[in-house]
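In: predicted model and sequence follow; I will ask about them next.
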Number of protein chains: 2
Amino acid sequence: MSVYSAPLRDMAFTMKEVAGLDAVCAQPGFEETSPDLVEAILEEAGRFASGVLDPLNWPGDQQGARWDNGVVHAADGFKQAYAQFCETGWNGMPAATEFGGQGLPTLVSTAVLEMWKSSNMAFSLCQMLTLGAVEALARHGSPELQQRFLPKMVSGQWTGTMNLTEPQAGSDLSAIRSRAVPEGDHYRITGTKIFITWGEHDMAENIVHLVLARLPDAPEGVKGISLFVCPKYLVNADGSLGERNDLMCSSIEHKLGIHASPTAVMSFGDQGGAIGYLVGEAHKGLGYMFTMMNHARLNVGLEGVAISERAYQRARAYAIERVQGRTLTEGSRGIIGHPDVRRMLMDMKARVEAMRALAYYAAGQMDRAHGHTDATVRQQSQAMVDLLIPVVKGWCTETAQQVVADGVQVHGGMGFIEETGAAQYVRDARITTIYEGTTGIQANDLIGRKLAREGGVTMKALMRTMSADAHRLSEHPDASLRQLGQGLQRGLDALSQATDWLLTVGTQQPAASAAGAVPYLKLSGTVIGGWLMSRSAEAAQAQLSGAAGDEGFLSAKVGTALHFLHHMLVEAPAWRDRVVNGASSTLALREDQF
Amino acid sequence: MSVYSAPLRDMAFTMKEVAGLDAVCAQPGFEETSPDLVEAILEEAGRFASGVLDPLNWPGDQQGARWDNGVVHAADGFKQAYAQFCETGWNGMPAATEFGGQGLPTLVSTAVLEMWKSSNMAFSLCQMLTLGAVEALARHGSPELQQRFLPKMVSGQWTGTMNLTEPQAGSDLSAIRSRAVPEGDHYRITGTKIFITWGEHDMAENIVHLVLARLPDAPEGVKGISLFVCPKYLVNADGSLGERNDLMCSSIEHKLGIHASPTAVMSFGDQGGAIGYLVGEAHKGLGYMFTMMNHARLNVGLEGVAISERAYQRARAYAIERVQGRTLTEGSRGIIGHPDVRRMLMDMKARVEAMRALAYYAAGQMDRAHGHTDATVRQQSQAMVDLLIPVVKGWCTETAQQVVADGVQVHGGMGFIEETGAAQYVRDARITTIYEGTTGIQANDLIGRKLAREGGVTMKALMRTMSADAHRLSEHPDASLRQLGQGLQRGLDALSQATDWLLTVGTQQPAASAAGAVPYLKLSGTVIGGWLMSRSAEAAQAQLSGAAGDEGFLSAKVGTALHFLHHMLVEAPAWRDRVVNGASSTLALREDQF
């Protein structure tokens, strides 16, 4: 039996040593975010995750959300847990203070969100979608709309959704057909939306749908899409709930995983048109979605971290308990004493820590981009965020697939039995490489908008930083750090060669370039992950040399970085080869030859 | 909507050009296995797989097998399909003629079994277990036991099972506790067995359980385990069914996949002892299991091939149909025209064909080991089989995980919806790296019993053969083949270095060696797969240069081999590095540091 335990030590270490928590907290607006406060928040969140959310995860998966004639019942216990989640203020915690949130750094809320996602990913999605809708309204809604909707969405009294996808418009939102017709101060919305996470449920008294639709005079394609607020219940002038709006959940999907998170098919305007209110200006809806994309993609990338952490914890507990045969490793009776089981656990641990380092680093950059006192730093940090986000989203979710698979494998035959719990993570994790933009979409964003469009300026700056670190470590008196520095340099060489190829040959050959996009994303994640693990190891080594510190944790940090080097960073040349030489065979066959 | 279509062209090509079908058919005993007969068998089997088994696959998964007070009902339609399967003779087809089988080469039956596993893996397991039990009895049972059980098991009137695992004895069978007490001409068996595939069901009138148990005087450990036949219904002297034996299915597991294949918990002897008959000699049961292991492991490896083929077919169909955005590739309207989708499909295709080549090559070697006229060839082929089987089992099933994951990913959001069908393959495939010996078990077998024990003789012989091919191809007039030869040589260098390390340093450091076992297995599969793809390409190129041939298929064969080179074989150096340098970090941490 494994109970989720928030990895507070690694979280705190990574926030401080990798993501620069101290500098972030020194920024204007975060004066009250003291180290003690951060520690207290993380501990309290960890208790909620372990005590309330984790125990509901497996029953929620087995029961799932249930649709009954348009009404969706959350799994047993979810409604009570959600009420408690909102009462204690966790729902709105990451939001800005002006709307009732706590205005904490993104870095701090990222660590907290990781806990919700580790302990109960299906549950966590309701808050995640609500926060996305809050952000959209806070950035683009009129003061009147903000006043009407935001306070109750932040508190969690009402939840929020994003209605983007239609059956014919998935990755290609230009194909959206939903219509919005003006009628007085509002619009009448008609259309069908699919894959709407927590699109209908009974945990909150109202659901605020953000809906992409076209006005009658809208131009074709992406430049003719507008954003509307469409609440499930209309809201009266005094803030009380009015009539039911003309929208309904016609079904929920039967999915591989996240069973407790209802994925709704939403039908707008079957009775003549759902009342909706325009957010911002007409035809700019897609752009508004893009402004929220970085947070949303960071959060899905974080799901890769979170579910991997949970899978690791469960596998570790089993491997320590389960005795089977004579072990080869001193000090272990359980199967963790078998070198191959240990290899899987080390792979899991190394990947989890590298992913966490990357996600937190990006979160810290977001805070710098948002509130650093120096405008140049803000600008550079924003460029770094833009570059890193597709890597965080794509690499962490892809890497998670291997971690959760290892989690099952460590359990042997028991892993395949649903009651064991390891298999659920395989099922849940599978969505993360798909929603909020597939890995292919992330990779195209990376090589196109983030790399080629600016001639690789930000990537090259990042590579210079990494190279300086590699150089310093390569000459470090400590042998482990020297190894890490040399290995990082080899990884950087591969990244540099692939980057050069994309910026020269690749720009002349769009199809070949696109064929190498995902390999390039994986190469980037591997090298940047290796870099951040080296930074962790350097900080841990410094603490070990100093007076204070937890020897077990700190030396493990160095050992885990070495494992990342010897087992993950060694893949960099193969990823480079796929980018540089791989397109010809990828594109060689005619369709009829498949 | 995707319907399974047996890949007859690739099967025939691989059997002939890679696995040496012609030479196998020229062996004594296979005189009647003409090319026309093989073609007819494969076509007929393909029709049965597409027409009967494939349509039951998804409904069977959704309904699953159902336990009701000791009785297990197969999913709707399975009983009828099984009756038809037996009537047409498919059940016993791979068995020897003396027991009513068709005595075909293993190579031919392997291609047929692939079809059952592609179209309905859960269904196929019933036959697979029965054939295993048939083989055990045919090799080790007394003539009387053979006569009593084999004909009806071969015909399928009765099915067979393997009762090995107990809660405390999974990978470590030495911990088996089930007891067998002599009583006249039989024994009384008591004990609990778990994970018994098709251990109870209503498709056949009797179930013949093979059970591992200990005699009262048995030595501890693996040398005290005996094998017994324990039929569900006792069999009278005239062959008719007698009383119900004292064994029952106390529950079936709730699993991640293969829902239609009941995985039983079997309880023997609750009423005093199930009647069982000793197979062969006392205390030699585990050895008897090992003699059947090669076929069983080949067949599970084949599941990796089969489910990957099916996932590929479904993804291909979707990618051709589904239109989303403007494509970059000429001649394609569907998402197959997007380079990243094409990359996934090419990855799937290349992996499927390399896995098939490896599995069929091993099957062909089994036929040579069994019936070649030259005793030296028989011996060498058997050594090759012993070396290759853990690679077939381990590498094909591990590789399948990536293929089925890509199959979901190609579908985007639809892939996560169960009704689409792609997710089932992810769930079903997950067991293949676990049962019949986990990947870790295969890898330890490979580096221990198969490599170190004989000082690497067979692996070195194989590497010489591969190296000669690489050398020949490297100087071939055709540029593609030259590339393949050079790439293969680089892969071989890595394999050679890792092999040397295991045979020198590794033998002195058992834990370090075991830490590199799975990486070495993956390295071996990657390089051997690349070698067989090169052989395929060479044969295809020769046919292209000649008069006859299907240009589309043959040039795709060359292109797919190049894809394997550029995208899979490039991983070889990283696998080598993990073997040679990876153990130190794998084994560095103390248990309390995890």
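Out: Thanks, I have the structure now. The structure presented is a predicted model; accordingly, all values stated were derived computationally and were not measured. Residues are numbered from 1 along each chain as shown, chains lettered A, B, ... in the order given.

In: rest of the way, CA atoms for contacts and neighbours
Out: Fine.

In: please, where are all the helices along the stretch 251-400 of chain A?
Out: A:285-321, A:339-371, A:375-410 (DSSP state H, counting those that start in this stretch).

In: now do the helix or strand following the last one: which elements does it pack against?
Out: Spelled out, it's helix A:375-410. Per DSSP states H and E, the first helix or strand lying C-terminal to helix A:375-410 is helix A:422-429. Secondary-structure packing of helix A:422-429 (3 or more C-alpha pairs under 8 Å, 6 or more residues apart in numbering or on different chains; DSSP states H and E): helix A:285-321, helix A:375-410.

In: so which of those helices comes closest to A:Tyr361?
Out: When the helices and strands packed on helix A:422-429 are compared by C-alpha to C-alpha, helix A:375-410 sits nearest A:Tyr361, at 9.2 Å.

In: can you give me the buried ones in the closest one?
Out: Residues of helix A:375-410 classed as buried: A:377-378, A:380-410 (neighbour count, 16 or more other C-alpha atoms under 10 Å in any protein chain shown).

In: check stretch A:39-56 too.
Out: Buried positions in stretch A:39-56, judged by neighbour count with 16+ other C-alpha under 10 Å: A:39, A:41-43, A:45-50, A:52-56.

In: now the helices and strands packed on helix A:422-429 as JSON lines including mean pLDDT and distance to chain B?
Out: Formatted as JSON lines, these follow (pLDDT from 0 to 100; distance: least, C-alpha to the nearest C-alpha, whole Å):
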{"stretch": "helix A:285-321", "mean pLDDT": "95", "distance to chain B": "7"}
{"stretch": "helix A:375-410", "mean pLDDT": "98", "distance to chain B": "7"}
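
In: okay, the ones you listed in CSV with distance to A:Ser142 next?
Out: Output for these, formatted as CSV (distance: least, C-alpha to C-alpha, whole Å):
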stretch, distance to A:Ser142
helix A:285-321, 13
helix A:375-410, 26
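
In: of these, which is nearest B:Trp575?
Out: helix A:375-410 (15.9 Å).

In: packing partners for the closest one?
Out: With contacts taken as 3+ C-alpha pairs under 8 Å, 6+ apart, helix A:375-410 sits against helix A:285-321, helix A:339-371, helix A:422-429, helix A:439-445, helix A:457-474, helix A:517-545.

In: what pLDDT does the model give A:Val3?
Out: On pLDDT, A:Val3 comes in at 95.

In: need the pLDDT of the nearest residue in space to it that is not next to it in sequence.
Out: Counting by C-alpha to C-alpha, 6 or more residues apart in numbering or on different chains, A:Val3 lies nearest to A:Ser50, which is 6.7 Å off, once chain neighbours are set aside. For A:Ser50, the model assigns a pLDDT of 98.

In: OK, contacts around A:Leu21?
Out: Contacts for A:Leu21 (C-alpha atoms under 8 Å, 6 or more residues apart in numbering or on different chains) come out as A:Met15, A:Leu107, A:Gly364.

In: distance of the first one relative to A:Tyr360?
Out: Computed with C-alpha to C-alpha, to the nearest Å, the distance linking A:Met15 and A:Tyr360 is 6 Å.

In: is it correct that A:Gln127 is in contact with A:Asn91?
Out: Yes. Taking C-alpha atoms under 8 Å as the definition, A:Gln127 is a contact partner of A:Asn91 at 6.2 Å.
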